[in-house]
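[1] Kindly return the folded structure for what I paste below:
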Amino acid sequence: MDRYNPKEIEHKWQERWETSHTFACSHKSDKPKYYVLEMFPYPSGNLHMGHVRNYCIGDVLARAKRMQGFNVLHPIGWDAFGLPAENAAIKHNTHPGEWTYSNIANMRGQMKRLGYSYDWARELATCRPEYYRWEQLFFLKFLEKGLLYRKEAPQNWCPSCHTVLANEQVEDGRCWRCDSLVEQKDLTQWFLRITAYADELLKDLDLLDGHWPDRVLAMQRNWIGKSEGAEIVFKLEKPVAGQDSISVFTTRPDTVYGVSFVTMAPEHPLVQEIIKGLPDEEALQAFITKVRNMDRIERQSETLEKLGMATGAYVIHPLTGKKVPIWLGNFVIASYGTGAVMGVAAHDQRDFEFARKYNLPITQVISRDGSIEDTAGWECAMTEPGVMVNSCEFDGTPSTEGKKKVTAKLESMQMGRATTTFRLRDWNISRQRYWGAPIPVVYCEKCGVVPEKEENLPILLPLDVKTFPDGKSPLPATPSFVECSCPRCGGHARRETDTMDTFVESSWYFARYTSAREESAAFDREALSYWMPVDQYIGGVEHAILHLLYARFFTKALRDFGFTVPGLDEPFKSLLTQGMVLLDGSKMSKSKGNIVNPEEMIDKYGADTVRLFCLFAAPPERDFDWTDSGIEGASRFLQRIWRLFQDSQEIMLPIPAASSTAADAATPLAKDLRCREHATIKKAGEDMGTRCQFNTAISSIMELVNAMYLYRGKMGDSEGERRVFSSAMATVLTTLSPIAPHMCEELWAIMGQEGMVSTQNWPVCDEQALVRDTQTIALQVNGKLRGTVDLPTGADKPALEAAALEHPSVRKFTAGLTVQRVIVVPGKLVNIVAR
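    I've put the predicted structure just below:
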């Protein structure tokens, strides 16, 4: 071919990679391992440009590491269960299974068109029984060990989707999928006790410092939210339902004497008893309903407008004996701490705003210098440490010391205790939808809740059902699934019809890849021990909290229950969160119509051009704007390499990259090209394989190609000069192959090289080749550049100064002036100061 035509070569090389199992790997290897993984996709039907960029980043890293001598695991699979697939199938009047498998087939074909170097023999789909059977086994073991339990709790409920929604699936009080208003509904659900690992999840973030983005680590720490303080008991003025007190958690027990109100979450289990029969009971019920239907994430926001209502009931202050009014507030969450907080308006900004709004007392109990101020003039709370005032025997005590002393006094009175709480809540894994992994328990009238026997796994999700148009699960109305025998007594029982949250599937898939075809256990322990943890994990920052937190939790729990290996404490050694692909400055969206179809781009420009542009447009962690000029520029660069190769075939030799010698580079131009070749080997290797800065790696290859064009136009016909050029061409093809693999394979073969370029070793940089005989020195007069001069490398200061003063440009700009000073920076510049 005279002209680069990707359609004629790309499919050919994709078939060769597949038939020769080029990217297959085994844990039985003497090479150092490298496990690179992109977050696996939900099979929506078509790749979008965000997918393409994500997988290109991982693929370049996998290919580069393979060439650099690593045994690379680079797998792919499908996050195939869940609400999106079910809703889409219902919309298209088809079965979720049929919809999902059809989409997987389509997306698999799109991925192969892009030339990704996956070990396809490890491909998995989470909706297949051979995958979720192990998930059901984990469920049984977690239940046995007390890490799983059932309880009734208020949940985000979408009335249109007929299912519980996780907090992150509620956006501005509406369902993320259908935009319906979300309600709060009390449901009995299955919960994973992730809080049992709160301390370890927080502590082990220190292991990830320097390897995960600081932003992600901060988000994880905030989500876990460790708080140390005291739990304080306030007696109810009038006991209710057998309860005579409520407890509050505070990080500031030193401010307890400033309590002027106690605020309870409207969902607190005692609230209904407290307000029963009170004059404002009807209005309080309306307030409770209003708050319960608010977005729980929004209720925890610092910008939330604080709303409250006095109940008319009181508690008794544990130290002063005074009556303190009980309020209900929208900013208190029943599941955080004790579901009640003490209001200290003078020393907490949220309480200050609440007190100002509802005209509640603001009592100063901490002072900077021991003096007492009139809080009526305060514009904000005083939250910094100080000394205690208006605090009885604790007056004058430094507030940090006062925390311990007040807590000790409360403990001696049995009215409080030192404690630690976490913002992290246990994980609700129940979903009231069909397309998910069945929960392996039954309900027996005689035995109650009974776990299935391990030998009965997997509990198969029935595929011979028809989904309902409104999204309601068909499982409760499917007798062949629901009706069963009790595993314990053999009597009649009903199977659980909730399915598992799809976050469960994505919390361990990375470990299953290490032995994806193992049938006797979830993991081959030898393979798991070799491959895990993942060396480089790649995905969007939108998964910074829940997916990564749940994956970390599962890794620790599976370790403790013997499914994995001791010492496997974290799943992902390093994390890269790639930026978005934008169009005209906005996130691409089907609903907005501002999308770029990857297949159309591949049809027009070829897969290598799409890959090159996605990697060159910006560093991987930053957003970039898709532009026609950008993709066309990438295409021109590949055409330029193709043209240089075609125009030079008669002089090229089939020699390896970096194989020319110093003796071959007999001319200054040849020495310069060889120097640039080895500089590219070094920079591209580090940028691709270590720093993940693919744009700068590409820039270095572009510079080498430019130097080759210059050299080609001036080179002679000696054997040495041909070797220098041929070696540089082999280096271009080798170093560019992780980014544009199809074209590089084709030219490598035409060049007469042995094997595939994908299986070559990364060229070795000769440090001596980087040492130039001469270096360019900048010449300045009074700080302004007036010329350059090439001088021998290592020239000393006197030689540099003499050469500068004799240079025609310097003499021109110093004519009639007196040279007062000469500043020499060896290897860089000479600045002549003249007046």
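
[2] hey, where'd the strands end up in the stretch 1-150 of the chain?
    For the stretch 1-150 of the chain, the strands defined by DSSP state E, counting those that start in this stretch cover 33-38, 71-73, 77-78, 124-125, 148-158.

[3] Just name whatever secondary elements the second one is in contact with.
    On a contact count with 3 or more Cβ pairs under 8 Å, 6 or more residues apart in numbering; DSSP states H and E, strand 71-73 meets strand 33-38, helix 49-67. Quick note: C-beta positions are derived from backbone N, CA and C, even for glycine.

[4] hang on, the earlier thing: distance to Thr734 and mean neighbour count for the strands of the stretch 1-150 of the chain - can I get that in a markdown table?
    Listed next are the strands of the stretch 1-150 of the chain as a markdown table, based on distance: least, Cβ to Cβ, whole Å; neighbours: other Cβ atoms under 10 Å:
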| stretch | distance to Thr734 | mean neighbour count |
| --- | --- | --- |
| strand 33-38 | 18 | 23 |
| strand 71-73 | 16 | 23 |
| strand 77-78 | 30 | 24 |
| strand 124-125 | 32 | 20 |
| strand 148-158 | 52 | 18 |
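
[5] The ones you listed: which one's closest to Met729?
    Of all the strands of the stretch 1-150 of the chain, strand 71-73 sits nearest to Met729, with 25.9 Å by Cβ to Cβ.

[6] and that closest one, which strands flank it?
    Looking at strand 71-73 with DSSP bridges, its partner strands are strand 33-38 (parallel).

[7] what pLDDT, on average, does the strand it pairs with get?
    On average, the pLDDT along strand 33-38 is 98.

[8] confidence score at the residue nearest to Lys671 when sequence neighbours are not counted?
    Of all residues not flanking Lys671 in the chain, Ala665 sits nearest, at 4.5 Å (Cβ to Cβ, 6 or more residues apart in numbering). Looking at Ala665, its pLDDT is 95.

[9] So what does Ala665 look like in phi/psi?
    With angles defined as degrees, to the nearest 10, Ala665 sits at phi -90, psi 70.

[10] burial count for it?
    Ala665: 22 surrounding residues under other Cβ atoms under 10 Å.

[11] and it, what is it in contact with?
    Lys671, Leu673, Arg674, Gly720, Val724 (Cβ atoms under 8 Å, 6 or more residues apart in numbering).

[12] just so I have it, where are all the strands in the stretch 501-650 of the chain?
    Taking DSSP E, counting those that start in this stretch, the strands of the stretch 501-650 of the chain run over residues 536-539, 575-577, 581-583, 586-587, 624-625.

[13] Need the winner for burial among the ones you listed.
    Across these, averaging neighbours per residue (mean count of other Cβ atoms under 10 Å) puts strand 536-539 on top, at a mean of 23.

[14] helices and strands around that strand, which ones?
    Under the contact criterion of 3+ Cβ pairs under 8 Å, 6+ apart, strand 536-539 touches strand 33-38, helix 49-67, strand 575-577.

[15] want to try JSON lines for these, with distance to Trp212 as columns?
    Listed next are the helices and strands packed on strand 536-539 as JSON lines, based on distance: least, Cβ to Cβ, whole Å:
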{"stretch": "strand 33-38", "distance to Trp212": "14"}
{"stretch": "helix 49-67", "distance to Trp212": "16"}
{"stretch": "strand 575-577", "distance to Trp212": "4"}
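
[16] picking that back up, looking at the strands of the stretch 1-150 of the chain, which has the lowest confidence?
    strand 148-158 (a mean of 88).

[17] Neighbouring strands of it in the sheet, and parallel or not?
    By DSSP bridges, strand 148-158 pairs with strand 163-165 (antiparallel), strand 183-192 (antiparallel).

[18] Quickly, which of those bottoms out on average pLDDT?
    Confidence, taken as mean pLDDT, is least for strand 163-165 of these (a mean of 82).

[19] which residues of the stretch 101-250 of the chain fall in helices?
    Counting by DSSP state H, counting those that start in this stretch, one finds helices in the stretch 101-250 of the chain at the ranges 129-144, 198-203, 205-208, 214-224.

[20] quick one: contacts of the second one?
    If I follow you right, that is helix 198-203. Ile194, Gln220, Arg221, Ile224, Lys226, Phe422, Leu424, Leu549, Arg552, Phe553, Lys556.

[21] buried residues in it?
    Residues Ala198, Leu201, Leu202 are the ones in helix 198-203 that count as buried (16 or more other Cβ atoms under 10 Å).

[22] same check, this time on the third one
    When burial is assessed from 16+ other Cβ under 10 Å, helix 205-208 yields the following buried residues: Leu205, Leu208.

[23] which strands and helices sit next to that helix?
    Counting contacts by 3+ Cβ pairs under 8 Å, 6+ apart, helix 205-208 is packed against helix 214-224.

[24] contact partners of stretch 541-549?
    Contacts of stretch 541-549 (Cβ under 8 Å, 6+ apart): 39, 166, 168, 194, 201, 213, 215-216, 219-220, 223-224, 503, 506-507, 539, 572, 575, 577.

[25] mind listing what's buried in it?
    By neighbour count with 16+ other Cβ under 10 Å, stretch 541-549 contains the buried residues Val541, His543, Ala544, Ile545, Leu546, His547, Leu548, Leu549.

[26] Name the nearest of those relative to Phe694.
    Relative to Phe694, the closest of those is Val541; by Cβ to Cβ it sits at 18.6 Å.

[27] how near is that closest one to Gln753?
    Note on Val541: its distance to Gln753, by Cβ to Cβ, to the nearest Å, is 41 Å.

[28] all strands of the stretch 201-350 of the chain, in order?
    Going by DSSP E, counting those that start in this stretch, the stretch 201-350 of the chain shows strands at 226-240, 243-250, 261-264, 308-316, 323-329, 340-343.

[29] ok, now which ones touch Ser245?
    For Ser245, the contacting residues are Val233, Phe234, Lys235, Leu236, Val315, by Cβ under 8 Å, 6+ apart.

[30] Alright, calling it a day.
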